[in-house]
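Trainee: Sharing a model that was predicted from the sequence below.
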Amino acid sequence: MRARTWRRHLVPYLLIAPAIVYLALFFAYPMYEGLVLAIYDDDALLPLRSEPTSDAAEVAEIPQGTGLQILDRQSRAMIDDGGGDLLTEQWFRVSGAGDTGAAVDGWVSEARIRVREEDAAGNPLAGTVRPRLGQSADPLTDVHAEPNDRSGVVGRLEQRAPVAITEVALLEVWFLVQPADDPGAAAGWAPSRYLQVFDDGESGRVHRGTAGEFTTAFIERMVDDRFFGPALRTTLLIMALLIPLQLVLALVMALVIHARIRFSSGFLYVFALPIGMSDLAVGILFFSIFTGNGLLNSILDGLGIIDGPFAFLTAETTNWIIFAIVLAELWRATSIVMVILVAGLQAIPDETLEAAELFGAGYWQRVRHIMLPLLRPSIQVALILRTILAFQVFAVVIALSGGDVVTVLANESFRQYVDLRNDNVASAYALFILLLSIASAVFYLRSVRAESEVRAS
Amino acid sequence: MSSATPDDAAATLPPLDSPEVAEMHRRMRRRAGRGRAFTYVAAVMIAAWILVPIYFVFSMAFTTQETVRSYPKNVLPFIPFSADTMQFFLESEGVLRGLWNSVVVAVITLVLSTLISVPAGYAIARYLFRGRDLFRLSVLAVRAFPIVVLSIPLAVLFLRAGVFDSVYSLALMHTALALPTSILVISSVFASVPYELEEAGQVFGATPLQSFRHIIVPLVLPGIAASGLFTFVLSWNEVFAAAVLTIDNRTLPALLLTSLANAPDAFQFAGSFFLMVPSIVFMFFIRRYLFNMWGQVSK
């Protein structure tokens, strides 16, 4: 019996478990990743090693973008083929007759061997030693015990000596580098994939690091971006124009529905239609009205109000674009506020309104002194919802402005990700939108609470 | 201001059969009549404000391409009807595939989110358990989170996991977006069915599962269907994440968004028609659940 009660207690948790797991996986974790992307730079620092191997001691860490002086180079067996601008080198294991006549078997860089014979798959089978140009050049070529310059020399080969190639090793080039502007700094080794080597072969820069670091660089880059100011201003402007209008219109719509006139359910259907509408479709809808040869111009022209089309949606008429955006959003998103307000109105007992009417309160008095105060929680919810959504306005803006002339925060996040392929700055924008949303929600909640405390005291 | 403030009226109530009361009633009725007329005018005007733009874009979606390009258009009485624009749109490259992708994503989202949110909604509606309020509140909070904030990191994660640019991963994302609303709506649907019905079934000898199957399921099915429709439309409409998460496997809104700059107007109008149709049908079926769905955010 006890086991059974225990099992029963577990039932609700089992029922909500899938939802929790799903939201943790596809909501909480990406949120966390977004935060990390915005403030943590994965590629910030490049460690330099004392030896050209990844397990050698770290002598210094230099930031991404540092200018470098290249002191030396070495080839080392590749750890993995982990991307980047790999500078690789092949080394051949060769065997042939050495300068002393004895057989030599060891490793030589591809730079020293001309491949003469390949198998069907293109693997080298045999070749000859390249001659060195120049009078003072050493005519002999060193053969190493291992595929790198630093290993011991096992023999030497004459130039043009024929050799058999028995093995090929793909090596990555490591560079001994030092920050260019600081000759006193420690020099260290780094693999080619993290460096960008300039054409002279003696200088370069750190292309990307391997160690991460918390940084405000992405946030700074977002704030310094030339679209940041306009995007923020436009977003706030749209919000400031839209939300009061929306509240008034939604209230009128809610009162009409609440009045329970004939065909009420038909009117409710029509009033609620925009709730399910795609913001992109609504943007295009208002584009069809406001565009140069669009319907508004046609009507105005037909009525003789204007002479020839007026260009509403151009770079010179950004105020008209913002007007069209506000109108489109008013059309699209007022219905949801209406539904919230109607639900709030339905919660007001009929007796309360009847009593007020009995005491001679006119319609507007009832609205002003009874409905509005009792609707306060619904209005608060609607305000929070609309403000948060207004920070995200996106497709309507693109449809009406193309996303360049008038831009908003969500569009900048999109542009950074899709056009500029900058995940970090895009995340910084997303984070900024999130912070604004949270701040405005907290603001509404606090201000309404503060007000009700004042009333209570 | 009318002749008596509420306070005065309370202080000096005349007898019910007096001429003053009869006069008051007449006045109230007249005022109510005027108010009624005003309400009708407002209702019709608002309906026109909503319907006329829809008519505009639909008339643009079903006309000739010449009409779309022409100026000035004869808006009234009618823009010439033709399937030309629509045909042009449907024959454009990528459109049928985009439509199909949209359907696939929306159906997967619908199925997945219903499967997950039915048990969760049932648990919230039927059980009192520790953490219930916390769970409800976090679901509410999740619902208010911006889509933009979720899309970018998810795109990065999907890219890292090698499932980028796929309709299936987009459906996973849409499910995350739809779940919170879906859970809350379904829980309110279950809550509207009295628990006594379930008990009554058990009193008459049904097992808990049988009474659930034969009593509860038929009652909640329409509500769950409404929530499913909502999920479908949410996924059908969603454009930001779709445009960020796909490149070749565009859904219809993502395709439209990315071709806005260079597609002819006719293409855009026909596309917006396709985007709107499901929501118009959907609103017809979920009218009854409207306040169930959104009313309860205020609680």
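Mentor: On my side now, so go ahead. These numbers were taken from a predicted model, which means no experiment stands behind them.

Trainee: switch to C-alpha atoms for all contacts and neighbour counts from now on
Mentor: Will do.

Trainee: now residue A:321, nearest residue through space, not along the chain?
Mentor: Spatial nearest neighbour of residue A:321, chain neighbours left out: residue A:313 (5.5 Å); criterion: Cα to Cα, 6 or more residues apart in numbering or on different chains.

Trainee: distance of residue A:12 from residue B:131?
Mentor: Between residue A:12 and residue B:131 the distance is 10 Å, computed by Cα to Cα, to the nearest Å.

Trainee: Compare the two (neighbour count), which wins?
Mentor: residue A:12 (22 against 10; other Cα atoms under 10 Å in any protein chain shown).

Trainee: Check for me that the more buried one belongs to a helix.
Mentor: Yes - counting by DSSP: H, G, I helix; E, B strand; the rest coil, residue A:12 is part of a helix.

Trainee: mind checking how far it is from residue B:116?
Mentor: Distance from residue A:12 to residue B:116, by Cα to Cα: 13 Å.

Trainee: now residue A:295
Mentor: Separation of residue A:295 from residue B:116 (Cα to Cα) stands at 45 Å.

Trainee: out of the two, which sits in the busier spot?
Mentor: For the pair residue A:295 and residue B:116, the greater number of neighbours falls to residue A:295 (25 against 22), based on other Cα under 10 Å.

Trainee: ok, the more buried one - contacts?
Mentor: For residue A:295, the contacting residues are A:288-289, B:56, B:73, B:75, by Cα atoms under 8 Å, 6 or more residues apart in numbering or on different chains.

Trainee: doesn't residue A:177 make contact with residue A:192?
Mentor: No - using Cα atoms under 8 Å, residue A:192 is not in contact with residue A:177, being 10.7 Å away.

Trainee: Give me the common contacts of the two.
Mentor: By Cα under 8 Å, 6+ apart, no residue touches both residue A:192 and residue A:177.

Trainee: Specify which residue of the two has the higher count of neighbours.
Mentor: More neighbours surround residue A:177 than the other of residue A:192 and residue A:177, with 26 against 22 (other Cα under 10 Å).

Trainee: Please report how far the more buried one lies from chain B.
Mentor: Computed with Cα to the nearest Cα, to the nearest Å, the distance linking residue A:177 and chain B is 31 Å.

Trainee: Please identify the helix or strand for that residue.
Mentor: Here residue A:177 sits within strand A:162-179, counting by DSSP states H and E.

Trainee: Residue A:189 too?
Mentor: Assigned by DSSP H and E, residue A:189 falls in strand A:188-191.

Trainee: Centre of the chain to the helix or strand just after that strand, how far?
Mentor: Remark: after strand A:188-191, the chain's next helix or strand is strand A:195-197, criterion DSSP H and E. Taking Cα atoms, centre = their mean, to the nearest Å, one finds the center of strand A:195-197 at 26 Å from the center of the full chain.

Trainee: list the buried ones in strand A:195-197?
Mentor: Neighbour-count burial for strand A:195-197 flags A:195-197 (criterion: 16 or more other Cα atoms under 10 Å in any protein chain shown).

Trainee: Among those residues, which one sits closest to residue B:206?
Mentor: Nearest to residue B:206 among these: residue A:195, at 73.3 Å, using Cα to Cα.

Trainee: Do a quick rundown of the strands in the chain.
Mentor: Let's take chain A. A:40-49, A:58-63, A:67-77, A:88-97, A:103-109, A:113-118, A:124-129, A:141-144, A:153-157, A:162-179, A:188-191, A:195-197, A:203-206, A:211-214 (DSSP state E).

Trainee: Those: which one's closest to residue B:183?
Mentor: Closest to residue B:183 of those, according to Cα to Cα: strand A:40-49, at 34.1 Å.

Trainee: those strands in the stretch 1-150 of chain B, which residues are they?
Mentor: With DSSP state E, counting those that start in this stretch, there are no strands along the stretch 1-150 of chain B.

Trainee: Apologies, that question was intended for the stretch 151-299 of chain B.
Mentor: In the stretch 151-299 of chain B, no strands are defined using DSSP E, counting those that start in this stretch.
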